[in-house]
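A.B. asks: sequence first, then the predicted structure, then my questions.
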Amino acid sequence: METLLDLSDDERSPIREGAGFWLRALARVIDTLLHFAIGMAAGMTAGILVAIGSAIQGVTADATFAKLSETTPVTFIASVIGSIAMHVLAEGLHGSTVGKRICGLTVISEDGTPATLLGALKRDIAYFFDALFFGVVAARKMAESPRRQRFGDVWGNTQVVRLSSLDAGARRSWVRFVLANAAGIAVDGVALFTGLVSNLL
């Protein structure tokens, strides 16, 4: 007689239909635009502080502004870290980034339980591999996966599904969504601001 121990992971838990590639790509585009908006806000904040400091000292701020706008390895790394942090906190604490929520998507664990921070971290680190060749790597992996998982999802034991496919009791609250995304946006902003300020050191 076959027992649960003899079954594969997919046989132990029902396979939910995963969200398609293009809808997930749209959600990522929205989140990328949000990341850029956060970067602009961080840049404006740094610029205002530089202008105030220059006015107090009675010196021109042109040279400082020029340094502030430079793209360096530090600012690039800070941008990557900020973007990952925003996604990890939003997905790990709630399941949906702003982009995913707008598109009606959420991240869950393979067994149907809410996603974890570790699972979100793994899938978002692997995103940079999945995104190669404009997402072709992810699209091909999703096409052959029963759960439509990209490599990051397989590594993180996660799956992206439509929010409407979850029972009401399995969905995390709006309050949690707001708090999780606020935390992610704040960390992203701090990372970007720190990267910009590093240009002045």
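C.D. replies: Thanks, I have the structure now. Residues are numbered from 1 along each chain as shown.

A.B. asks: tell me which stretches of the protein form strands.
C.D. replies: Using DSSP state E, the strands found in the chain span residues 105-109, 158-162.

A.B. asks: of all those strands, which lies closest to Gly99?
C.D. replies: Set against Gly99 and scored by CB to CB, these come closest in strand 105-109, at 8.2 Å. Glycine gets a C-beta too; all of them are placed from N, C-alpha and C.

A.B. asks: quick check: angle from the closest one to strand 158-162?
C.D. replies: 150 degrees (axes from the mean of the first three to the mean of the last three CA atoms, to 10 degrees).

A.B. asks: ok now strand 105-109, how far from the chain's centre?
C.D. replies: 12 Å (CA atoms, centre = their mean, to the nearest Å).

A.B. asks: tell me which strands and helices that strand is in contact with?
C.D. replies: Contact analysis of strand 105-109 by 3 or more CB pairs under 8 Å, 6 or more residues apart in numbering; DSSP states H and E lists helix 21-57, helix 117-125, strand 158-162 as its packing neighbours.

A.B. asks: winner for burial among the ones you listed?
C.D. replies: Greatest average neighbour count among the helices and strands packed on strand 105-109 goes to strand 158-162 (a mean of 24), per mean count of other CB atoms under 10 Å.

A.B. asks: roughly how far out does it sit from the chain middle?
C.D. replies: In terms of CA atoms, centre = their mean, the centre of strand 158-162 is found 14 Å from the chain centre.

A.B. asks: packing partners for it?
C.D. replies: Counting contacts by 3+ CB pairs under 8 Å, 6+ apart, strand 158-162 is packed against strand 105-109, helix 117-125, helix 151-156.

A.B. asks: appreciated, that's everything.
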